[in-house]
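K.L.:
The sequence and its predicted three-dimensional model are supplied below.
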Amino acid sequence: MSLAIAADDAVSPTRLALGRLGANRTALVALAVIAGFVLLAVFAPWIAPHDPADADLFRRLAPPAWLAGAEPGFPLGCDALGRDILSRLIFGARVSLSVAALVVGIAAVIGVLAGLAAGYLRGWPDILISRLVDILLGFPYLVFAIGLMAMMGPGLHNIILALVLKEWVFTCRVVRGETLAAREQDYVEAARALGCTPRHIMLREILPNVLSPVLVVATFRMAYVIIMEASLSFLGLGVQPPTASWGSMVADGRDFLVDAWWVSTLPGLCILALVLSINLASQGMRDAFDPRLHQSS
């Protein structure tokens, strides 16, 4: 009996969290959908049946294969320039996911470092970082991004920079709160008593204990970044033609919503499916990795 109890106690929190995540069927389905989009993005040149920029006005607004008058070889139809919608959807997934991954990844690094410094050092670093965060949070996200894109000009690199300048504050707030709680814990007091430097305490003692909420926040923020990239591309401030983007595809079909609904509806459904899957996956990860939700069990 004692050996069984010891074996149970020896199970790491990470394995317990992964076990809880594996028991969440909704989160698993959401992760499977995300993995499908990732595979499409990675292998887009080999999966896409046509060149996404190949235009042919003779097949302009050709309907999907299940509708009358469909063009052979174009299962999801064509847009106003005769470009294959399926191929553009596949390459559009590459743009949305790459922008989301780069923005969230860079913003997470900046936010973690700023949050650790503000929460542990306190004093003027905390005041400076907190006031900067408050100022950035005072601007509506879309208005802030539109203003920066108007100054810098459209393009993939500029949209990543514009979103990073706003996105890091969300990770910073979470890490700062977690660090404020962690700096009063016994293991941090013990490290200070041993003469460890603040850098060592922040990076070696506190950082490993705040990575779980950072992972959950980063996953959730990816969905928001995808919406922001699609919104800017819809307004013509994001990825520029002929590069395929879901947001620009929705914009291309807004004049044909009655006669050729598939031009805008299909990329809109892709945005909905990916964003919803990311939100469900992040909710499942929060339920699995937050120890406060399982303290009573």
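P.N.:
Alright, I've got the coordinates. Numbers count the residues shown, from 1 in each chain.

K.L.:
So for the chain, which residue is the most central one in space?
P.N.:
Met222 (1.1 Å; CA atoms, centre = their mean).

K.L.:
Give me the nearest residue to that residue, chain neighbours excluded.
P.N.:
Nearest in space to Met222, with sequence neighbours left out and distances taken as CB to CB, 6 or more residues apart in numbering, is Ala100 at 4.5 Å. Any C-beta I mention is one placed from the backbone N, CA and C, and that applies to glycine too.

K.L.:
what about that neighbour, how many neighbours?
P.N.:
Ala100 has 25 neighbours, counted by other CB atoms under 10 Å.

K.L.:
try Ile110
P.N.:
Residues near Ile110, counting by other CB under 10 Å: 17.

K.L.:
backbone phi and psi for the nearest residue to it once chain neighbours are set aside, please?
P.N.:
Nearest residue to Ile110, sequence neighbours excluded (CB to CB, 6+ apart): Trp168, at 4.1 Å. Note on Trp168: its backbone torsions stand at phi -60, psi -20 [degrees, to the nearest 10].

K.L.:
Isn't Trp168 up against Ala114?
P.N.:
Yes. Under the criterion of CB atoms under 8 Å, Trp168 makes contact with Ala114 at 6.9 Å.

K.L.:
which of these two has more neighbours?
P.N.:
Higher neighbour count among Trp168 and Ala114: Trp168, with 26 against 23, using other CB under 10 Å.

K.L.:
Glu189 versus the more buried one, what's the distance?
P.N.:
29 Å (CB to CB, to the nearest Å).

K.L.:
And for Met228?
P.N.:
Relative to Glu189, and taking CB to CB, Met228 is found at 41 Å.

K.L.:
what about Tyr224, how many residues close to it?
P.N.:
Using other CB under 10 Å, Tyr224 has 19 other residues around it.

K.L.:
excluding its backbone neighbours, what's nearest it?
P.N.:
Tyr141 (7.8 Å).

K.L.:
Can you pull out the low-pLDDT segments for the chain?
P.N.:
1-14, 17-18, 68-70, 289-297 (pLDDT under 70).

K.L.:
what's the single longest helix in it?
P.N.:
helix 85-121 (DSSP state H).

K.L.:
any idea which helix or strand comes after that one?
P.N.:
Next in sequence after helix 85-121, counting helices and strands by DSSP states H and E, comes helix 123-137.

K.L.:
List the contacts of stretch 103-122.
P.N.:
For stretch 103-122, the external contacting residues (CB atoms under 8 Å, 6 or more residues apart in numbering) are 125-126, 129-130, 160, 163-164, 167-180, 182-183, 198, 201-203, 206-207, 210, 214, 218, 221-222, 225.

K.L.:
just stretch 169-179 next, same as before
P.N.:
Contacts of stretch 169-179 (CB under 8 Å, 6+ apart): 107-108, 110-112, 114-116, 118-120, 126, 129-130, 132-133, 136-137, 202, 206, 209-210, 213-214, 217-218, 221.

K.L.:
Separate out the buried members of the residues you listed.
P.N.:
107-108, 110-112, 114-116, 118-120, 126, 129-130, 133, 136, 202, 206, 210, 213-214, 217-218, 221 (16 or more other CB atoms under 10 Å).

K.L.:
quick one, helices of this structure?
P.N.:
2-9, 13-22, 25-42, 44-47, 85-121, 123-137, 141-152, 156-182, 186-193, 198-200, 207-234, 246-252, 262-289.

K.L.:
just checking, Asp259 touches Arg60?
P.N.:
No. With contact defined as CB under 8 Å, Asp259 does not reach Arg60; the gap is 11.3 Å.
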